[in-house]
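Visitor: Return atomic coordinates for the entry below.
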Amino acid sequence: ERRYRRGSWDGSEWEVIMDEVKQRVAELSVESGKHMSKKAKKEQRQTFREFMSTIVDDESPNEVVAFRGGQMTLNNWREIIQLNFIRHCLQSGFQVQLMTNATLQAIFGSDGRILNSAANMSQLEKRLVMSKTSDASKQAYNQRNKRRKSKNARQNMFLEEEG
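Guide: Numbering: from 1, shown residues only. A predicted model of the protein is given here:
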């Protein structure tokens, strides 16, 4: 359960502080500068827009982590911050640790049996299912290309109608 709700600080000593926080977060959500790369600016704006939506609109954040065994959905800031910290510490070993480490599974509330379903497969089965040359991978690739082409065609059709 959430400790604070939107507007719960109205009329309290926290109202002035929350107004200042809202103002600063709004400034940071559109801030730009020559010292930051395009990617860093984009990430900063996105992060502070998410903060703004949480503070102003009382919307919970939502982040989906996809990996070979499936996906995991995080629905609050505590879990997202924990995820980012653990990702930073483990770097490229994050997914392996998530699949094998009971402590991480407990932190994120994931089921190790589901995550490790691929571990019970033989090398041949893994290659047939997970390889880039597997039928499933080829089908996903073809579907993705088909969606891209149809999206492109819709955009081009829209532009032709305007002109």
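Visitor: need the next SSE after the helix or strand bottoming out on mean pLDDT in the chain, C-terminal direction.
Guide: Across the helices and strands of the chain, mean confidence by mean pLDDT, DSSP states H and E is lowest for helix 112-115: a mean of 62. For helix 112-115, the following helix or strand on the C-terminal side (DSSP states H and E) is helix 123-130.
Visitor: What distance do you get for Glu27 to Lys34?
Guide: From Glu27 across to Lys34, the span is 17 Å (C-beta to C-beta, to the nearest Å). The C-beta positions use only the backbone N, C-alpha and C, and glycine is treated the same way.
Visitor: low-scoring pLDDT stretches of this structure, where are they?
Guide: Judged against pLDDT under 70, the low-scoring parts of the chain cover residues 1-9, 32, 68-70, 112-121, 129-130, 161-163.
Visitor: If we go by neighbour counts, what in the helix or strand hosting Met157 is buried?
Guide: Element membership of Met157 [criterion: DSSP H and E] is helix 135-162. Buried residues in helix 135-162, counted by 16 or more other C-beta atoms under 10 Å: none are found.
Visitor: One more: stretch 51-67?
Guide: For stretch 51-67, by 16+ other C-beta under 10 Å, it's Phe51, Met52, Thr54, Ile55, Pro61, Val65.
Visitor: The nearest residue to the third one once chain neighbours are set aside: what's it in contact with?
Guide: Beyond its immediate neighbours in the sequence, the residue positioned closest to Thr54 (C-beta to C-beta, 6 or more residues apart in numbering) is Pro61, lying 6.3 Å away. Pro61 makes contacts with Glu50, Ser53, Thr54, Leu74, Asn75, Asn76, Trp77, Ile80, as judged by C-beta atoms under 8 Å, 6 or more residues apart in numbering.
Visitor: now do 6 Å
Guide: Counting by C-beta atoms under 6 Å, 6 or more residues apart in numbering, Pro61 touches Glu50, Trp77, Ile80.
Visitor: Run through the residues that contact the first one.
Guide: Spelled out, that is Glu50. Pro61.
Visitor: isn't there a helix covering it?
Guide: Yes. Under DSSP: H, G, I helix; E, B strand; the rest coil, Glu50 falls within a helix.
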